[in-house]
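Undergrad: coordinates for the following, if possible.
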Amino acid sequence: MTNKKKKIKKKKSKKKKPSKVKGENYLIKIVPNFLATRIHNWENLEGTLTLKENPLDKDNKLNQEATDLCIHLMSCFIYELKKNLLESDEYVSDGEDNPIGEKILITYNSEDFHELSHEFSELGNTFKSNNWEDLNVYILIKTKILGDELNKIFFNMSNYGFYASYQNYQGEIITQGYDEGEYDTGYFAANRGDDQKEYISDKNNPMSLSLKKYNEVIKTLSE
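TA: Okay, here's the model as predicted:
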């Protein structure tokens with residue numbers, strides 16, 4: 001008699017992944033360090049971005065001129081990101097040629113979220129001049145540009161220094177720092193393969209953007 005081999009069923013992975021709502025929607029979290037760089041080096045600013053006087057008071061609070069500059073810089077960042085997404089080989093048009101959601105969310109390192117249009121037109125009403133260095137920006141991407149391709153886009157935004165958290169093509173949330181056309185610490189800057197794990201968000205290491213927060217924010221922005 002021949003022994004019948006039992007078929008072994010492979011267990012499906014129970015690992016949770018970021019959710020997608022209303023089609024191919026994905027989330028990016030930006031920590032805009034370039035704001036602090038410009039403000040703290042205000043005496044070296046050139047062109048139309050110059051400030052007339054020290055923008056900070058003794059409590060590190062921005063004056064109105066510096067607040068307007070921060071709003072302008074964030075608007076320029078969003079515009080450049082949108083332009084680069086449109087020019088990406090991975091971009092798939094939704095018929096409107098707008099790869100970014102109509103709304104963004106900002107927070108000041110807390111649960112205090114503010115819903116804005118992607119042009120930042122309402123930021124002046126919510127920008128916290130005394131909490132400006134804690135600003136985080138959440139942007140909805142409406143096309144599947146992730147991982148390496150999104151990394152290339154951010155890497156080439158050489159006028160800005162910032163941290164970004166976003167999905168790779170394995171469905172993991174990664175964090176990478178960019179410093180005006182160079183890498184700061186992060187997933188793509190790891191020297192050894194094992195180092196990359198330090199920049200992948202999971203329940204034990206939520207990094208800059210946890211899976212729970214990712215799914216909460218993407219649901220809000222997709223509504």
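
Undergrad: lowest average confidence, helix or strand, in this protein?
TA: Least confident helix or strand of the chain, by mean pLDDT, DSSP states H and E, is helix 123-126 with a mean of 72.

Undergrad: quick check: pLDDT value at the closest residue to Gln176 other than its chain neighbours.
TA: Spatial nearest neighbour of Gln176, excluding adjacent residues (C-beta to C-beta, 6 or more residues apart in numbering): Gly186 at 3.3 Å. Where you see a C-beta, it was placed from the backbone N, CA and C, and this is true even at glycine. Confidence at Gly186, expressed as pLDDT, is 91.

Undergrad: helices of this structure, start to end?
TA: Counting by DSSP state H, the chain has helices at residues 33-40, 64-87, 123-126, 147-155, 211-222.

Undergrad: elements contacting the first one?
TA: In terms of contact count using 3 or more C-beta pairs under 8 Å, 6 or more residues apart in numbering; DSSP states H and E, helix 33-40 is assigned the packing partners helix 64-87, strand 161-167.

Undergrad: rerun at 10 Å
TA: Counting contacts by 3 or more C-beta pairs under 10 Å, 6 or more residues apart in numbering; DSSP states H and E, helix 33-40 is packed against helix 64-87, strand 161-167, strand 173-179.

Undergrad: what's the angle from the last one to helix 147-155?
TA: Taking axes from the mean of the first three to the mean of the last three C-alpha atoms, to 10 degrees, one finds strand 173-179 and helix 147-155 inclined to each other by 30 degrees.
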